[in-house]
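*Asks:* Take this sequence and fold it.
(one chain, ligands or ions: 1)
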Amino acid sequence: RQDMMDHARQVMTDNDRGTYTVPTHGLYPFQWNWDSALSALGFSQYDEPRAWTEIDTLMAHQWDDGMVPHIIFHQPDDGYFPGPDVWGTGRDVPTTGITQPPVAGFAVCRIHDRAKDKALASEKARALLPKIHAWHQWFYRSRDPQSTGLVALLHPWESGRDNSVDWDAAFERVPTEGVGTFTRRDTTHANPAHRPTDDQYRRYIWLVQKFRSLNWDNSKLHDASPFQMVDPGFNAILIRSCHKVADLAGRLGMVEIAAQSRAMADKGVAAMETLWDEKLGQYLCLDRTTGDVVDSPSIGGILGVFAPIPKERAAAISRRIETLAESCEYLIPSHDPAAPEFEGLRYWRGPVWLIVNYMISDGLEQAGETRMVDRIMGDCLRLIETSGFAEYHDPITAEPCGGAHFTWTAAMVIEILE
Ligand code: DGY
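*Replies:* Numbers count the residues shown, from 1 in each chain. I've put the predicted structure just below:
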């Protein structure tokens, strides 16, 4: 255990660039939005000022409309594609023009609530909550224009689950015309068999070019996008963050933020019901462009449990995970191993991700599903013991995949061991 902890801290230190961390050297040489928020949880266990700095840096690059970008390109690096020239967002410190799962609100509240340095925590939280809240409001304004209570993703990179099976059918409708030739760099750092396909990359880039042609104007992007995906996992992260912010803002006397956050969270929880699938016992995605439910047994619908959903829903999700355990060695596979599309090594089409295990376990814990939590946490540690601090792992063989020496994997191990 001590060895594992030392190793985890070493990974964090090696990827620390002073005011932000890179997810891993080479493959991801900049600051990523949700990576930073989850990594801050790890830092906070042994260095609270460093944890706050991580989130301060992220939020310092928030756009005027409230959006917090998915990548901040702090310094040039030719080893990554698509870089700042492809995005063309015209910022002083370049960023991408799309966002990522808003887990920062959750992280700020958790770090605050368990802080040893209470004075620092309350100073930081007071400064950060209005910014986080503006981001949450941006979501419901820009990504839920019909006010359904659920936001849509406009690019698979926003989901964090880039090449999930969930997007396949919708992604077929994203064109590739007009996308010039380009050279991927990810496949020089990681095994191509662990990464998205070239065809997917062409469509990723088509969407970037489309949004760029609209000057990254978020009042236009939603309706103009051929990809509008309502992901229960993503929405659960947003709802849970709103819920936590409501609670903390209330305690800090920030009454308006508290009331507005509470209203957003409540509306979101109610709307999540429309995504519930009784047959599978989990949530499913909704393709907003067609109105079709996406019948795909992926982890996005299990991550729904991160939101404060009804207890019987959480219990059903726990049973659903029990069923998945019958076809894998390590929980929780990002796609059902019994489904034909499952690929144990390929990014979000099968592998286990510790950060998702952490959020799902946290939701299960809130609902009192503690036996399942112990099992998932045990699987996480067995995976790391067997295969090290990889980006993700094969749920059947434990083969380490993607990037090695990975910051948020280390951060989650620190969280589990503490
Ligand atoms: C990548 O480059 O693979 C990232 O997932 C995009 O954020």
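*Asks:* and the longest helix for the protein?
*Replies:* Criterion DSSP state H: the longest helix present in the chain is helix 118-142.
*Asks:* If you count contacts, what does that helix end up packed against?
*Replies:* helix 48-59, helix 104-113, helix 218-224, helix 232-251, helix 255-272 (3 or more C-beta pairs under 8 Å, 6 or more residues apart in numbering; DSSP states H and E). Just so you know, the C-beta spots here come from the backbone N, C-alpha and C atoms, and that holds for glycine as well.
*Asks:* any idea of the mean pLDDT for the first one?
*Replies:* When pLDDT is averaged over helix 48-59, the result is 98.
*Asks:* Show the subsequent helix or strand relative to it.
*Replies:* strand 71-72 (DSSP states H and E).
*Asks:* okay, the helix or strand just after that next one in PDB with CA atoms only?
*Replies:* For strand 71-72, the following helix or strand on the C-terminal side (DSSP H and E) is helix 84-87. Provided in PDB are the C-alpha atoms of helix 84-87 (Å, rounded to 0.1, in the frame of the first residue of the first chain):
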ATOM      1  CA  PRO A  84      -4.300  25.900 -31.500                       C
ATOM      2  CA  ASP A  85      -4.000  26.600 -35.200                       C
ATOM      3  CA  VAL A  86      -6.800  24.100 -36.000                       C
ATOM      4  CA  TRP A  87      -9.100  25.500 -33.300                       C
END
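*Asks:* who touches helix 84-87?
*Replies:* 73, 76, 94-97, 182, 205, 208, 212 (C-beta atoms under 8 Å, 6 or more residues apart in numbering).
*Asks:* from those residues, which is closest to A152?
*Replies:* Closest approach between the contacts of helix 84-87 and A152, by C-beta to C-beta: G97, at 16.0 Å.
*Asks:* Torsion angles phi and psi at W63?
*Replies:* phi -80, psi 160 (degrees, to the nearest 10).
*Asks:* just use 51 as the starting number from now, easier for me
*Replies:* Understood, numbering begins at 51; the last thing we discussed is W113.
*Asks:* Now it: closest residue in space, sequence neighbours ignored.
*Replies:* P119 (6.9 Å; C-beta to C-beta, 6 or more residues apart in numbering).
*Asks:* count of residues packed around E222?
*Replies:* A total of 10 residues lie near E222 under the criterion other C-beta atoms under 10 Å.
*Asks:* sorry, back to before: buried deepest among the helices and strands packed on helix 168-192, which one?
*Replies:* Mean neighbour counts were taken over these using mean count of other C-beta atoms under 10 Å, and the top value, a mean of 25, falls to helix 282-301.
*Asks:* Cross-check the contact I'm expecting between the residue nearest to W113 and T145.
*Replies:* Yes. The pair P119 and T145 qualifies as a contact (C-beta atoms under 8 Å) at a distance of 3.7 Å.
*Asks:* what is in contact with those two at once?
*Replies:* With contacts defined as C-beta under 8 Å, 6+ apart, the residues adjacent to both P119 and T145 are 111, 113, 139.
*Asks:* State the distance from the second one to F156.
*Replies:* When you say that, I think you mean W113. According to C-beta to C-beta, to the nearest Å, W113 stands 21 Å off from F156.
*Asks:* hang on, D281 packs against G350?
*Replies:* Yes. Taking C-beta under 8 Å as the definition, D281 is a contact partner of G350 at 5.1 Å.
*Asks:* circling back to that earlier point, toward the C-terminus from the longest helix of the chain, list the very next helix or strand.
*Replies:* Note on helix 168-192: by DSSP H and E, the next helix or strand toward the C-terminus is helix 206-209.
*Asks:* picking up where we left off before, what is the nearest of the shared contacts of P119 and T145 to C430?
*Replies:* Of those, the one sitting nearest to C430 (C-beta to C-beta) turns out to be H111, at 30.7 Å.
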